[in-house]
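Engineer: structural data only, the sequence is not supplied:
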């Protein structure tokens with residue numbers, strides 16, 4: 001699959017590194033308004049995860065200053081959009097209209113209406129539209145999902161998901177709510193999507209939090225209401241600029257045991273109802289590599305991955321907006 005990557009910031013760099021391990025993926029074009037990055041020098045890039053920038057050899061790949069030029073390249077079969085959130089909808093629509101398959105970074109868009117437009121455009125073009133909801137492919141989250149779906153642990157009684165970090169200093173556009181949706185929207189979209197993946201759409205969402213963007217504070221604690229089902233809480237957000245460390249974690253209490261994971265402290269562990277603890281085996285494949293493999297395979301078959309449909313990603317947007325606006 002001949003792929004063009006639009007945007008060479010943290011996620012663009014992360015995807016380019018992961019594509020090196022994806023069979024059948026060929027980077028034939030890249031796009032950025034930054035001449036230094038177009039040269040392959042991504043050494044100044046930083047982000048939440050410890051996947052620092054590096055120098056890359058783009059080889060014979062075409063280099064474009066605008067996304068539109070890349071979309072017009074007939075050699076590009078699929079595009080990977082790693083651009084500011086406010087551009088996701090318009091760029092996805094343009095790429096689909098140009099006959100390209102599209103992988104768009106999360107969040108899918110900044111409104112439910114834009115998500116619906118993107119899905120309709122993909123259907124009309126007969127092309128794959130996939131949103132990069134990487135938690136659906138992250139090893140510990142995949143293993144937890146599979147255990148729960150297996151029924152081995154019985155029904156879920158309670159679940160708590162926590163994701164927090166410093167307000168980013170590497171991407172100033174993130175602090176503009178009109179461009180990013182805010183820290184809560186950009187960050188916790190992962191957990192809203194994963195909860196929908198596990199438990200389905202909640203009946204309602206209650207939330208409270210603090211939004212003081214100039215100070216780098218944007219936090220939320222949301223309760224997802226599933227009548228007769230599990231008690232589910234999602235919490236986290238930005239905690240002042242730069243110094244606060246990134247972490248993601250979850251605790252899922254089931255009838256037969258509790259699953260617990262913390263990115264900075266421990267891998268996925270099962271604390272059984274029998275009083276014993278065991279580390280759970282997780283897939284050994286990097287989450288970004290698994291995600292991009294799923295995208296390439298989807299492009300080859302013409303069908304979005306069954307575990308990462310754009311309709312699900314659109315529902316996650318609706319859930320996140322509801323929670324953010326309810327606080």
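Structural biologist: Looks like it came in fine. This one's a predicted model, so the numbers in the text were calculated from it and none came from an experiment.

Engineer: what's the burial count for residue 174?
Structural biologist: By the criterion of other C-beta atoms under 10 Å, residue 174 has 22 neighbours. The way it works is simple: take the backbone N, C-alpha and C, and place the C-beta from them, glycine included.

Engineer: right, I mislabeled it, should have said residue 122
Structural biologist: The burial count for residue 122: 21, using other C-beta under 10 Å.

Engineer: quick one: list the elements packing against the helix or strand in which it is found.
Structural biologist: For residue 122, the host element (DSSP states H and E) is helix 112-125. In terms of contacts (3 or more C-beta pairs under 8 Å, 6 or more residues apart in numbering; DSSP states H and E), helix 112-125 is packed against helix 88-97, strand 129-132, helix 310-326.

Engineer: check these for me and report the most buried one.
Structural biologist: strand 129-132 (a mean of 27; mean count of other C-beta atoms under 10 Å).

Engineer: show me the helices in the stretch 1-150 of the chain, by range?
Structural biologist: 10-19, 35-38, 67-71, 88-97, 112-125, 139-150 (DSSP state H, counting those that start in this stretch).

Engineer: now mean pLDDT and distance to residue 323 too, for these, in CSV please.
Structural biologist: Converted to CSV, these look like this (pLDDT from 0 to 100; distance: least, C-beta to C-beta, whole Å):
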stretch, mean pLDDT, distance to residue 323
helix 10-19, 94, 23
helix 35-38, 93, 34
helix 67-71, 98, 30
helix 88-97, 98, 20
helix 112-125, 98, 13
helix 139-150, 98, 20
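
Engineer: would you reformat these as TSV and include distance to residue 191?
Structural biologist: What follows is the helices of the stretch 1-150 of the chain, written out as TSV (distance: least, C-beta to C-beta, whole Å):
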stretch	distance to residue 191
helix 10-19	18
helix 35-38	30
helix 67-71	29
helix 88-97	19
helix 112-125	18
helix 139-150	10
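
Engineer: of those, which is nearest residue 1?
Structural biologist: helix 10-19 (9.9 Å; C-beta to C-beta).

Engineer: ok, how many other residues are close to residue 228?
Structural biologist: Other residues close to residue 228 by other C-beta under 10 Å number 5.

Engineer: secondary structure class for it?
Structural biologist: coil (DSSP: H, G, I helix; E, B strand; the rest coil).

Engineer: one step back: quick check: which of the helices and strands packed on helix 112-125 is nearest to residue 156?
Structural biologist: That would be helix 310-326 among the helices and strands packed on helix 112-125, by C-beta to C-beta, at 17.7 Å.
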